[in-house]
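**Student:** Based on what follows, work out the 3D shape:
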Amino acid sequence: MPATETVLDVEALLGGSKQEFEKLVRQESPRLFRVIVRMVGDDDEARSIMQETFLQAYQRLDTFRRESKLTTWLYAIGINQARAALRKAKRTSSLDDQDVERMQPTFTKGMFAGSVDAWSPLQMAELSERKRLVHDAIAKLPPDYKEVVIMRDIEQLSTDEVAEALKISNGAVRVRLHRARQTLRELLYSHIRE
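**Tutor:** As a prediction, the model looks like this:
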């Protein structure tokens, strides 16, 4: 557990503690946002969906049955909200421009902050192109496959957590993940051959 993360008092949270709910929001917002933004492909829409997710979670705390982790329940709400937004907008694109920004070299006081050997324009361009190709390929996946890849491979949730959040069996998660990876491999291979 990161040093900045605090332990939630689930009993107090379920009892209606606003302080505990605020802790939940602070702790889970970054990860939930990443899942949602990768699904919908738009930062503003993802923020809106995330707000709606936390609002629904707060209003429905009494429906949490403790059959899964609280965070898994929260992700299930967020994923359902994102699915509804995608259906409404009839969009399936999901690109993350922030990844490209994170790849850019960092500077401190006008000087390159990393190892000079670690950064070359050619390497950065190649890395940027590879990341773009992977994100484009993920965007082309069917929604069922894309959700599993985002949650399992990108956000590194466990198979159990993905299964609970999507309300499918562990076997279904593994099958979808296998098929998604096969599809990604084919999409990327076809691009390399071009």
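**Student:** Please pull out the lowest mean pLDDT helix or strand from the protein.
**Tutor:** helix 97-103 (a mean of 49; mean pLDDT, DSSP states H and E).
**Student:** so Leu8 touches Glu22, yeah?
**Tutor:** No - with contact defined as CB atoms under 8 Å, Leu8 does not count as touching Glu22 (10.4 Å). In short, each C-beta sits where N, CA and C put it, glycine included.
**Student:** Name the surrounding residues that touch the helix or strand containing Gln27.
**Tutor:** In this structure, Gln27 sits in helix 18-40 according to DSSP states H and E. Applying CB atoms under 8 Å, 6 or more residues apart in numbering, the contact partners of helix 18-40 are 5-6, 8-10, 12-13, 43, 46-47, 49-50, 53-54, 57-58, 70-71, 74-75, 78-79, 81-83, 85-86, 89, 91, 94, 96, 138, 146-147, 150-151, 154-155.
**Student:** Of those residues, which belong to helices?
**Tutor:** Of those, the ones assigned to helices by DSSP state H are 10, 12-13, 43, 46-47, 49-50, 53-54, 57-58, 70-71, 74-75, 78-79, 81-83, 85-86, 89, 138, 146-147.
**Student:** Generate a PyMOL selection restricted to the buried subset of those residues.
**Tutor:** Those of the ones in helices among the contacts of helix 18-40 that count as buried under 16 or more other CB atoms under 10 Å are selected in PyMOL with:
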select buried, resi 13+46+49+50+53+54+57+70+71+74+75+78+79+81+82+83+85+86+138+146+147
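**Student:** what is the mean pLDDT for stretch 51-59?
**Tutor:** Per-residue pLDDT values over stretch 51-59 give a mean of 92.
**Student:** who touches the residue nearest to Ile79 when sequence neighbours are not counted in this structure?
**Tutor:** Spatially, and ignoring its direct neighbours in sequence, Ile79 is nearest to Ala165 (5.9 Å; CB to CB, 6 or more residues apart in numbering). Remark: with contacts taken as CB under 8 Å, 6+ apart, Ala165 is in contact with 72, 75-76, 79, 151, 157.
**Student:** does Glu147 really touch Ile79, like I thought?
**Tutor:** Yes - at 6.5 Å, Glu147 and Ile79 qualify as touching, with contact defined as CB under 8 Å.
**Student:** quick one: common contacting residues for the two?
**Tutor:** Residues touching both Glu147 and Ile79 by CB under 8 Å, 6+ apart: 39, 166.
**Student:** Send me stretch 80-87 as CSV with only the CA atoms.
**Tutor:** The C-alpha trace of stretch 80-87 is given here as CSV (Å, rounded to 0.1, in the frame of the first residue of the first chain):
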residue,chain,number,x,y,z
ASN,A,80,-21.4,0.4,-16.3
GLN,A,81,-21.5,4.2,-16.4
ALA,A,82,-18.9,4.3,-19.1
ARG,A,83,-20.7,1.6,-21.1
ALA,A,84,-23.9,3.6,-21.0
ALA,A,85,-22.0,6.7,-22.2
LEU,A,86,-20.5,4.8,-25.1
ARG,A,87,-23.9,3.4,-26.0
